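Asker: test case, fold it:
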Amino acid sequence: MPNYHRALVPWASWFFIVNLLERRGNDLLVRHIDLFRASVRRVHRLHPFTIDAWVVLPEHMHCVWTLPPGDADYAMRWRLIKTFFSRALPTSEHRSAVRLQRGECGVWQRRYWERMIRDESDFRRHVDYVHVNPLKHGLVRRVCDWPYSSFHRDVRAGLYADWAGDPSLVVPGAERGPRDT
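Answerer: Just a heads-up that it's a prediction; the model follows:
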């Protein structure tokens with residue numbers, strides 16, 4: 001088994017990409033968004049961290065977190081989020097047979113992609129990238145049209161003014177909701 005070396009820096013900010021095992025045509029995350037949100041809230045209560053930005057797409061997500069002082073264990077948080085969500089899913093949801101034989105949930109890709117944020121400019125770029133992702137994937141015509149994003153929280157907080165209404169960010173012909181697959 002490979003020995004993955006992860007940078008463990010307490011009080012750092014991190015960018016993550018986390019995927020479902022089966023991505024093609026899968027809308028599991030948005031179909032069960034309430035279960036997913038409950039899983040995140042539960043982990044957040046047990047092991048606090050700052051959610052700087054988060055977008056949940058049908059089959060993957062992007063987020064930026066800042067860990068508390070003296071704490072570098074984002075891996076444990078992801079393990080718990082994935083576990084709580086998987087266990088909360090209805091038993092009728094499809095799960096990988098191979099993974100089930102190994103005692104795994106069969107919903108998530110085993111690994112995720114993480115990157116430590118270097119500075120304030122890097123932080124801003126990653127937060128913007130998180131928020132623009134539904135537009136990038138053609139799920140909406142405007143960033144503000146995607147409901148599963150911390151973008152709305154940041155607009156209410158005054159961090160974004162008319163950014164989502166910028167006509168240069170409109171994708172011609174994009175649908176206003178998840179694509180039919």
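
Asker: from now on I want contacts and neighbour counts done on CA atoms only, so please keep to that.
Answerer: Noted.

Asker: name the SS class of F15, please.
Answerer: Recorded secondary structure, F15: strand (DSSP: H, G, I helix; E, B strand; the rest coil).

Asker: all the helices of the chain, residue numbers only.
Answerer: For the chain, the helices defined by DSSP state H cover 28-31, 33-46, 74-88, 97-101, 120-136, 151-156.

Asker: per-residue confidence for P2?
Answerer: pLDDT, P2: 46.

Asker: equivalent analysis for A161, please.
Answerer: Looking at A161, its pLDDT is 69.

Asker: what's the answer for S96, then?
Answerer: For S96, the predicted pLDDT is 63.

Asker: circling back: for the helices of the chain, give me JSON lines that also has mean neighbour count and distance to P68.
Answerer: JSON lines is the format used below for the helices of the chain (neighbours: other CA atoms under 10 Å; distance: least, CA to CA, whole Å):
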{"stretch": "helix 28-31", "mean neighbour count": "18", "distance to P68": "27"}
{"stretch": "helix 33-46", "mean neighbour count": "16", "distance to P68": "11"}
{"stretch": "helix 74-88", "mean neighbour count": "17", "distance to P68": "10"}
{"stretch": "helix 97-101", "mean neighbour count": "12", "distance to P68": "33"}
{"stretch": "helix 120-136", "mean neighbour count": "18", "distance to P68": "16"}
{"stretch": "helix 151-156", "mean neighbour count": "16", "distance to P68": "20"}
